[in-house]
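[1] Here is the input, now give the coordinates:
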Amino acid sequence: MALSRRDLLKLGGVAAAGAALSGCTASSGGAKPSAAKAGLRMAPIPKAKGPRVVVVGGGWSGLSIAKYVKKYAPEADVVLIERRASFMSCPVSNLWLVGLVDLEFLTHDYLQAARNNNYIFLNAMVHDVDRDSKLVFTNEGALKYDYLVLAPGIDYDYSRWTKGDVEFENRLKTEHPAGFIPGSEHLSLRNKVQDFEGGNFVLTVPGGNYRCLPAPYERACLIAWFMKKEDIPGKVILLDENPDITIKKDGFHSAFEKLYKDYIEYLPGSTITKIDLDKKRIETELGEEIEFADAALYPRVRGGKILEIAGVAKDSVFNKAEANIDPFTYQTKVDPDVYCAGDVRPMGFSKSGNTANSEGHIVASMIATRIKGKEPKWKSPLTVCYSAVSGDPVRAISVNAEYKYNEKKKAFGFHNAATNEKWDGKVGVMNGKGLFEWAKGMYRDMFM
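    Purely as a prediction, here's the structure:
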């Protein structure tokens, strides 16, 4: 099931760019240019005709914020900056890995979104931010802003495995990419799955609040389904750093037991202590030694490095370099004109596409309300998430939840949560159909 030439061409800039803005590595050390500096090259975009809102990052959060700021405050001048030439969705991509959807379903056009929603799309890479001069610096030139939104998504934190060994980290990224930043990682992982001939295929689940809590379990199910369908003599070894499945536990455990008893070996509480890439062996704190034929190794996550470059990051126990923001306004604590949203925010909301989209509406409303001189109000984002457990037909489980702040714990938690974890029979097939309709609705909301 090799990719067609048409699929490769469609992937184009997505695969070439790899990770999105989380890949920024420039340093902001030393003096920064100012707007008054002679010869400062400005980005080739029209002069702002209203208050300019610059959104950095064209994922589910950034796309939603750009669209809805313009909708809620038509007088605003909105610019979306993204280094990828085209959009590829991480949600639903597990289905693409095993041939249950085509690439067309995942990839979308940034220019179409900009045309449809009357904002400017700048295909560029951000390498610095000067908050004093309110300037964003890109490879295409500088932009002046009145309000800045940083929504760069995740980056990976390999430090627990590599202990600072850059060569080892590069081998992990190249040989066994995690597949949770859209682009080349997904293409590489799809080829691994499609070309797999047998043995142990290792997947890992990180600790902390990683991108898309149920996705590693969904991926295990779908790769096992593919092995079973293609009669491949092997199994998925799922090493979970957590003590148990993090979400939709009953549905996934049921699928593991009833559908993939001979194809999935689930090992919870498996904190990796050593990875030997030459011998293809993994060791854990529990004394487990796992040999593998191939793997997709998903480390813990952190916020995109642009947060540190802009000076708006904080360190936390679980995720390094999250945004240091007021959780009720999304404004950074060091600069009220800089907002951070999506996967980089520190609240315990799910790092999922639907949450980022829902949150994007809220952040856009807060910025638009502020532009109009009014006081913004916090509103809970919504998490709606479908996870496929098999194909032909696609059967899925789901969760629907809001969030509420707990004053005693000083933290957010699920509120009005409802799950549908029955994957067999008509309910599972209906959930499978719901997954596709949900995805189509999300794409329409961001691009149309």
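[2] Tell me where the model's unsure across the stretch 301-448 of the chain.
    For the stretch 301-448 of the chain, residues meeting the criterion pLDDT under 70 lie at 316-320.
[3] Go through the lengthiest helix in the chain and flag the buried ones.
    Secondary structure of the chain per DSSP state H: the longest helix is helix 425-447. In terms of neighbour count (16 or more other Cβ atoms under 10 Å), helix 425-447 has its buried residues at 428, 431-432, 434-436, 438-439, 442-443, 445-447. C-beta: built from backbone N, CA, C; applies to glycine.
[4] Out of the residues you listed, flag the one nearest to Leu150.
    Looking at the buried residues of helix 425-447 and their distance to Leu150, the nearest is Met446, at 18.1 Å (Cβ to Cβ).
[5] mind checking how far stretch 272-282 is from the chain centre?
    Distance, stretch centre to chain centre, for stretch 272-282: 26 Å (Cα atoms, centre = their mean, to the nearest Å).
[6] nope, stretch 118-133 is what I meant
    In terms of Cα atoms, centre = their mean, the gap separating the centre of stretch 118-133 from the centre of its chain is 20 Å.
[7] Which single strand of the chain contains the most residues?
    Among the segments of the chain that qualify as a strand by DSSP state E, the longest is strand 395-406.
[8] low-confidence ranges in the stretch 101-250 of the chain?
    Using pLDDT under 70, nothing in the stretch 101-250 of the chain is flagged.
[9] in it, which spans are strands?
    Taking DSSP state E, counting those that start in this stretch as the test, the strands found in the stretch 101-250 of the chain are 107-108, 120-123, 126-130, 135-138, 141-144, 147-150, 154-157, 199-205, 234-240.
[10] Just the element for His361, please.
    Using DSSP states H and E, His361 falls within helix 353-371.
[11] okay, the angle between that helix and helix 425-447?
    Between helix 353-371 and helix 425-447, the angle comes out at 30 degrees (axes from the mean of the first three to the mean of the last three Cα atoms, to 10 degrees).
[12] Can you spell out which helices and strands pack onto the longest helix of the chain?
    If contacts are counted by 3 or more Cβ pairs under 8 Å, 6 or more residues apart in numbering; DSSP states H and E, helix 425-447 sits against helix 60-72, strand 107-108, helix 110-117, helix 353-371, strand 383-390, strand 395-406.
[13] strand partners of the second one, parallel vs antiparallel please.
    In the sheet, strand 107-108 lines up against strand 87-88 (antiparallel) (DSSP bridges).
[14] for the strand it pairs with, the distance to its chain's centre please.
    11 Å.
[15] heads up, I number from 40, so please use that
    With 40 as the first residue, the last one maps to strand 126-127.
[16] Averaged pLDDT, that strand. What do you get?
    Here strand 126-127 scores 97 as its mean pLDDT.
[17] May I have the residues that are in contact with the nearest residue to Asn157 once chain neighbours are set aside?
    With Cβ to Cβ, 6 or more residues apart in numbering as the criterion, Asn157 has its nearest non-adjacent residue at 5.6 Å, and that residue is Lys109. Applying Cβ atoms under 8 Å, 6 or more residues apart in numbering, we find Lys109 in contact with 115, 117, 156-158.
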